[in-house]
Every structure is written in structure tokens, then in C-alpha cells.
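Enquirer: Next come a sequence and a model predicted from it.
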Amino acid sequence: MAGEGGGGAGGGGGAPLRVMVNGMPGKMATAVAEAVVSRGLTLVPLGLTGDQVAEESVSVSGVDVRLVRPVDREVTLAAIAAEHPSTVVVDYTHPSAVNANVAAYAAAGLSFVVGTTGGDEAAMRAAVAAADGSAYALIAPNMAKQIVALQAGLEAAAAAFPGAYAGYTLSVTESHQSHKADTSGTAKAIVGALGALGAPLDVADIVKVRSPDEQVATMGVPADALSGHAFHTYRLVSGDGSVRFELQHNVVGRAVYAEGTVDAVVFLAARRQAADPVRVYNMIDVLRAGEMS
Ligand SMILES: NC(=O)C1=CN([C@@H]2O[C@H](COP(=O)(O)OP(=O)(O)OC[C@H]3O[C@@H](n4cnc5c(N)ncnc54)[C@H](OP(=O)(O)O)[C@@H]3O)[C@@H](O)[C@H]2O)C=CC1
Ligand SMILES: O=C(O)C1=N[C@H](C(=O)O)C[C@H](O)C1
């Protein structure tokens, strides 16, 4: 593999692994940047931001991060790749931005973790395949260890007992902060597994709750979590209504995703360092490898 080693903290011998976090000064990007520093990795003092962001820089855990507009994206990534090719990039931006970002990461030969939901995963995979072989990717709609375990468990159940819930009707409600643009990527993934278990649902029929009043009144979202929460409820009812199941995961804040994201960064850097022939991963791979803290 070209350039420096895989990095010290979390990445093998040598200097600490360098991590660029994009989507600054957004909530997830900021939480991940803080987790990068607290885990002893090196936060790159540059972060991609949107065209509408007014600030020129932000301070995260004592690191001044200069905000880079989309127009300067390619030149910035090329410079980072030239100097530190083992840098891992993290993307928590916007569904409308993530695919162009991913194309630029792959073209620069940089490995990347995508937490942003609502993008075109097939196009991301194609970008990695078209790159020169130094770019590795991890793409996942949810980085929280326990939710990843739930997702993996349902997928395993579906593989072992396909159609076990045939005849059941599935309904799904997800509530997120009002500015979330897309339907929950986690809900879509869980619906996929429940569909394989015999209870299909069109993702267009997932109920999205984005009104703060409704979130407090009917979902039980704490008022101080309105700007950052993810409440999911999946209900399964048998054909005659005599049997009901309900799965629920309710998260307030961002910390659980940020910690999982740093696990993903360390995992991906190690795969690249080992020149693993598999170049695209998800969080279930990290969980299976026993590399989630
Ligand atoms: N995989 C997981 O575990 C999780 C995934 N997410 C997903 O992560 C994404 C971000 O969430 P969150 O942090 O809450 O959202 P925020 O809106 O708080 O942050 C997104 C940031 O990205 C910026 N941005 C917009 N366009 C670009 C661009 N072209 N390049 C770089 N930055 C850009 C936004 O700027 P501006 O405000 O000006 O548009 C904003 O600062 C969402 O898709 C969300 O669903 C969230 C939590 C967990
Ligand atoms: O936007 C969020 O907040 C979240 N997005 C992810 C999703 O779309 O499923 C993960 C989690 O629900 C938080």
C-alpha cells in the first residue's frame, strides 16, 4: 500500500490514524470529530461543508477545523491524499451531497465511511470499483452497535426462517429531527429484513414524523431531544389480529453513532493496511469482526 503506515492509535504502528470529518458544522460531523479526538486519533483540520454555511472555521475539542466549500473539494482531497494517503474520510452530510462527495473521495484514492443516509449506494460501490484500488469504503445507515446487532439478528432470522411471519401486516413509524430530509435508512434496512421474514412493506409506506409538536405529544420524544433523536417502532400483527409484536429503538443524541463511526474508521484503516481484497463493508462486518467497542 502506498505512503505511510496504517496509523498508530487504532491502526497499527506509527503515527495516529488521521481522520477527516465532513459535514461540519453539522451535528453528526461534530460528534464524530469529538470522538476522533477523544479516542486518540488525529483530526484533520479541514472539513467539507455546505454552500450555505457562513462560518469559515469551527473549533472541535481544541482543534481549529477550516471549513471547505464544495468548489474546493477535489483540490483539498487530492492534497490530503498526496500527503497522508492512509487518511480515512467520514461523511455525515446530506442526501443531496453524499454521492458527489463519495465520487471525489474514491477518485482521490481515499478510504471513507459513509453515515449519511438517502444516497445511492450502488453508485458509491461503483465509484470504489472504478478507483485505483486504494480506496476502501464502509457504508451503513446506522452505526449504533446495539441497533446494528438488531439488524444483523433480523437478517440472520430471515435467512434461517424465511417467511416465518407470512400473513402478518407490518407498519413502521420513525421520528427524527424536523430537518431530516429522507426516510430513515435504518427503517428501510429493518423493513428489508422483515420483508424477507414474510411481512413486506413498501418503504414509501413508512410513516415519517417530523413535526415537533407531534413528536412530543404522541411519540414521547423529550423536548430537549427534538433537535437530535431517532425513534423507531415496527409493529407486526397476525392476519386475524390475535398476535402482535412490537420492536422499538429510541435514541436521543448522537454519541452512540459517533462511537460506532470511530470503530468503523479503525476497522476500515486496518482492512486497507492489510490490502484486503474486499473493498466495501458495512457495520455488520465490523460487529462480526468483534471490532465495535
Ligand atoms: N449512519 C448513522 O448512524 C447516522 C446517520 N445520520 C445521517 O447523517 C446525515 C447528517 O445528519 P446530521 O448531522 O444530523 O445533519 P445536519 O443537518 O446537522 O448536518 C449536515 C451538515 O452537512 C452540511 N452539508 C450540506 N451539504 C454539504 C456538502 N456538499 N458537503 C459537506 N457538507 C455539506 C450541512 O450544511 P447545511 O446546514 O448548510 O446544509 C450540515 O452542516 C443524515 O443523512 C442523517 O440521516 C445521522 C445519525 C446517525
Ligand atoms: O438522521 C438521523 O438522526 C439518523 N439517521 C439514520 C437513519 O436515517 O436511519 C440513523 C438514525 O436513525 C439517526
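Expert: Cool, got the structure. Ligands and ions are numbered 1, 2, ... in the order given.
Enquirer: Quick one: mean pLDDT for the helix or strand hosting residue 59?
Expert: Assigned by DSSP states H and E, residue 59 belongs to strand 57-60. Strand 57-60 carries an average pLDDT of 98.
Enquirer: Please see if that strand touches ligand 1.
Expert: No: figure legend: strand 57-60 not in contact with ligand 1 (Cβ under 6 Å from any ligand atom); closest approach 9.8 Å. Every C-beta, even on glycine, is put in place using the N, C-alpha and C of the backbone.
Enquirer: ok, and for that strand, which residues are buried?
Expert: Residues of strand 57-60 classed as buried by neighbour count (16 or more other Cβ atoms under 10 Å): 57-58, 60.
Enquirer: now stretch 15-23
Expert: Result for stretch 15-23 [16+ other Cβ under 10 Å]: buried residues 16-23.
Enquirer: And for stretch 197-214?
Expert: 197-201, 206, 209.
Enquirer: Just give the nearest non-adjacent residue to the residue nearest the centre of the chain, would you?
Expert: Nearest to the mean C-alpha position of the chain, by Cα atoms, centre = their mean, lies residue 115 at 1.9 Å. Using Cβ to Cβ, 6 or more residues apart in numbering and skipping the chain neighbours, the partner closest in space to residue 115 is residue 92 (4.9 Å).
Enquirer: And for residue 107?
Expert: Distances taken as Cβ to Cβ, 6+ apart place residue 131 nearest to residue 107, at 6.5 Å, with adjacent residues excluded.
Enquirer: my guess is that neighbour meets residue 103, correct?
Expert: No: the criterion here is Cβ atoms under 8 Å, and residue 131 misses it with residue 103 at 9.4 Å.
Enquirer: sorry, back to before: phi, psi for the residue nearest to the centre of the chain please.
Expert: phi -100, psi -20 (degrees, to the nearest 10).
Enquirer: State the distance from it to residue 156.
Expert: 23 Å (Cβ to Cβ, to the nearest Å).
Enquirer: Residue 179 now?
Expert: 34 Å.
Enquirer: follow-up on the earlier one: how deep is the residue nearest to residue 107 tucked in, by neighbour count?
Expert: Neighbourhood size, residue 131 [other Cβ atoms under 10 Å]: 20.
Enquirer: Contacts only, for it.
Expert: 106-107, 109 (Cβ atoms under 8 Å, 6 or more residues apart in numbering).
Enquirer: Kindly report the same for residue 215.
Expert: Here residue 215 is in contact with 175, 209, 221, 226, 229, 231 (Cβ under 8 Å, 6+ apart).
Enquirer: repeat that with 6 Å
Expert: When contacts are counted by Cβ atoms under 6 Å, 6 or more residues apart in numbering, residue 215 touches 175, 209, 221.
Enquirer: Among these, name the ones in helices.
Expert: Using DSSP state H, no member of the contacts of residue 215 falls within helices.
Enquirer: For ligand 2, tell me which of the buried residues of strand 57-60 show up nearby.
Expert: Okay, of the buried residues of strand 57-60, nothing touches ligand 2 (Cβ under 6 Å from any ligand atom).
Enquirer: nearest to residue 99, of those residues?
Expert: residue 58 (24.5 Å; Cβ to Cβ).
Enquirer: Now do the strands in the stretch 51-200 of the chain.
Expert: 57-60, 63-68, 88-91, 111-114, 137-139, 169-176 (DSSP state E, counting those that start in this stretch).
Enquirer: any idea which of those is most buried?
Expert: Highest mean neighbour count of those: strand 88-91, a mean of 30 (counted as mean count of other Cβ atoms under 10 Å).
Enquirer: on that earlier part again, and the contacts of residue 131, which are buried?
Expert: Looks like the contacts of residue 131 have 106-107, 109 buried, using 16+ other Cβ under 10 Å.
Enquirer: now the stretch 101-250 of the chain, which segments are flagged as low pLDDT?
Expert: Of all residues in the stretch 101-250 of the chain, none has pLDDT under 70.
Enquirer: Spell out which parts of it neighbour ligand 2.
Expert: 117, 141-142, 176, 180, 184-186, 230.
Enquirer: could you redo the last one with a cut-off of 8 Å?
Expert: By Cβ under 8 Å from any ligand atom, the part of the stretch 101-250 of the chain that sits against ligand 2 consists of 115, 117-118, 141-144, 147, 174, 176-177, 180, 182-189, 228-230, 232.
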